[in-house]
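>>> turn this into a model:
(one chain, ligands or ions: 1)
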Amino acid sequence: MQPWENPEIDAMKGKYHQLALDYFSGDFTERDKTGDFSLQRWKKAAEIGLLSMMMPASLGGMEVPVTHVVAAFEGFGEGCRDGGFVYALGNQLCGIQLTIKQFADEALKEKYLPELMNGNRLAAYGFTEETSGSDAYSMQTTATEEGDNYRINGRKCYITNAPYADSAIVFAKTSAARSPFSLTAFLVDMNNEGASHGREFEKIGLRTVRMGELVFDNVLVPKSNILGGKGGGLRVLAESTGWERAVLISSALGPMNRGLKACIERAKTRNQFDKPIGAYQQISSKIADMVMRQRLSRQVIYDLASKLSSGKSMHTCAQDAAIAKLFVSDNFIRFEMDAMQIFGVRGYLLESFINRDLRDSLSFNIWSGTSETLRNTIAKLEGLPV
Ligand SMILES: Cc1cc2nc3c(=O)[nH]c(=O)nc-3n(C[C@H](O)[C@H](O)[C@H](O)COP(=O)(O)OP(=O)(O)OC[C@H]3O[C@@H](n4cnc5c(N)ncnc54)[C@H](O)[C@@H]3O)c2cc1C
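Next up is the predicted model:
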């Protein structure tokens with residue numbers, strides 16, 4: 001028995017599974033088509049604690065162990081078939097809230113965290129640019145010092161939650177050098193003069209969380225809004241992407257759990273040539289692979305969550321986090337491809353959750369470090385000159 005296989009974890013998973021079924025099922029096919037993000041649902045998610053799990057009790061947070069957070073996301077993701085919404089919650093928790101918790105001063109924490117927890121404020125994570133995806137150093141957004149402030153100029157692209165974000169964590173170059181200390185992270189309010197939301201992008205998956213640009217045209221930001229110190233941007237990035245790789249990745253588990261049940265049922269009950277399709281080895285092998293992928297993904301995620309729950313730092317677990325994200329992403333996509341094949345044409349219909357989960361899964365190889373760059377990270381931590 002694994003240390004994370006215990007009644008407390010099961011209860012957490014079961015509780016959020018039920019809450020998802022009670023409040024977050026329903027009209028998802030239509031919302032998948034329209035790409036509709038619902039602020040009302042966001043507030044409901046806040047009300048049931050999904051946005052305060054990893055926050056300090058002193059500010060009203062629940063401060064539950066990482067294993068429990070992962071269990072809540074697994075259960076919630078299984079009941080809530082809206083993968084975009086689950087992704088948005090995890091992005092907010094790991095990319096925004098944990099970053100502020102770890103790198104902001106007390107005044108900023110008190111100003112932002114309670115409102116982020118109760119859903120009255122929603123923030124975006126602005127790193128990627130047209131010229132800078134995997135390669136952070138090719139970033140063009142700049143921040144220049146001006147007395148007690150910095151002046152930010154630049155355009156962030158492909159940013160989750162950008163179209164309606166009230167605030168953003170924004171990375172900018174504070175030095176032209178191609179050095180690990182050339183980037184700085186700022187917390188910026190989008191109602192500052194010169195800040196705007198730019199264009200929106202339509203995605204094939206995770207449709208119900210919207211994606212867009214954040215534009216900064218001579219935006220003045222006080223020095224006190226720097227996160228992690230001047231030149232500390234890469235450290236902030238490593239920490240927040242580490243948490244996304246460790247925790248947000250658990251949003252793959254819910255779709256795998258429900259997909260597996262549906263596929264096993266289908267393989268047993270769909271008859272062709274006078275036999276259930278599961279009697280054909282090519283289908284039963286797919287089911288066996290799916291069981292393996294689901295089970296090992298859980299294991300990888302919960303093992304890492306157990307290490308983090310026991311107090312290990314994200315820095316110490318950087319390679320584990322890269323492995324978890326890489327392993328689960330690859331297996332999630334292959335799992336969903338098999339699910340689609342087992343369901344045949346019915347999986348291919350827009351009304352089916354199978355194609356929606358497949359479309360959602362394709363993003364997992366890209367966000368928070370592509371699978372190729374994760375392989376680079378893993379090899380580099382073994383001493384290779386990548
Ligand atoms: C659903 C989703 C949500 C996102 N949300 C956000 C967000 O909230 N905030 C944000 O800042 N960004 C966000 N992004 C953007 C994401 O961070 C970038 O897409 C990612 O960093 C990769 O950058 P890129 O897409 O420009 O690919 P590129 O860097 O252009 O890479 C293209 C291809 O080349 C490969 N490649 C690049 N460099 C190497 C190398 N050294 N070795 C081997 N292969 C390499 C990549 O792996 C990839 O396959 C989101 C993306 C997605 C899909």
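
>>> which bits of the chain sit near the ligand?
By CB under 6 Å from any ligand atom, the residues of the chain that approach the ligand are 91, 125-128, 133-134, 158-160, 206, 363, 366-367, 370, 372-373, 376. Every residue, glycine included, has its C-beta placed from N, CA and C.

>>> in helices, which of those residues fall?
Among the residues of the chain next to the ligand, DSSP state H puts 91, 372-373, 376 in helices.

>>> could you pull up phi and psi at the residue of the stretch 101-250 of the chain found nearest the ligand?
Going by CB to the nearest ligand atom, the ligand is nearest to residue 133 of the stretch 101-250 of the chain, at 1.9 Å. Main-chain dihedrals, residue 133, degrees, to the nearest 10: phi -110, psi -90.

>>> which residues in the protein form helices?
Using DSSP H, helices in the chain cover 7-23, 28-34, 39-47, 66-79, 83-91, 98-103, 106-117, 233-246, 253-269, 281-309, 318-343, 345-348, 353-361, 371-380.

>>> show me which helix or strand of this structure is least confident by mean pLDDT.
Scoring the helices and strands of the chain by mean pLDDT, DSSP states H and E places helix 28-34 at the bottom, with a mean of 89.

>>> next, the buried residues of it.
The neighbour-count check on helix 28-34 (16 or more other CB atoms under 10 Å) flags 28, 31-32 as buried.

>>> show me which of the residues you listed is closest to the ligand.
residue 32 (14.5 Å).

>>> pretty sure that closest one sits against residue 207.
Yes: when contacts are counted by CB atoms under 8 Å, residue 32 is listed as touching residue 207 (4.8 Å).

>>> contact partners for residue 45?
Residue 45 sits next to 24, 51, 85, 89, 119 when contact means CB atoms under 8 Å, 6 or more residues apart in numbering.

>>> any idea what residue 184 is bridged to?
Beta-bridge partners recorded for residue 184 (DSSP bridges): residue 172.

>>> ok, now which ones touch it?
Contacts of residue 184 by CB under 8 Å, 6+ apart are 143, 150, 171-174, 226, 228-233.

>>> could those be laid out in TSV, adding pLDDT?
Shown next, in TSV, are the contacts of residue 184 (pLDDT from 0 to 100):
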residue	pLDDT
143	98
150	98
171	98
172	98
173	98
174	98
226	98
228	98
229	98
230	98
231	98
232	98
233	98
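
>>> out of those residues, which are buried?
Buried members of these, scored by 16+ other CB under 10 Å, are 143, 150, 171-174, 226, 228, 230-233.

>>> what pLDDT does residue 27 get?
The per-residue pLDDT reported for residue 27 equals 75.

>>> how close does it sit to residue 299?
Distance, residue 27 to residue 299, using CB to CB, to the nearest Å: 34 Å.

>>> neighbour count: those two, which is higher?
Applying other CB atoms under 10 Å to residue 27 and residue 299 shows that residue 299 carries more neighbours, namely 14 against 11.

>>> surely that one and residue 3 touch.
No: judged on CB under 8 Å, residue 299 makes no contact with residue 3 at a distance of 11.5 Å.

>>> just give me the neighbour total for residue 166.
Neighbour tally, residue 166, other CB under 10 Å: 16.
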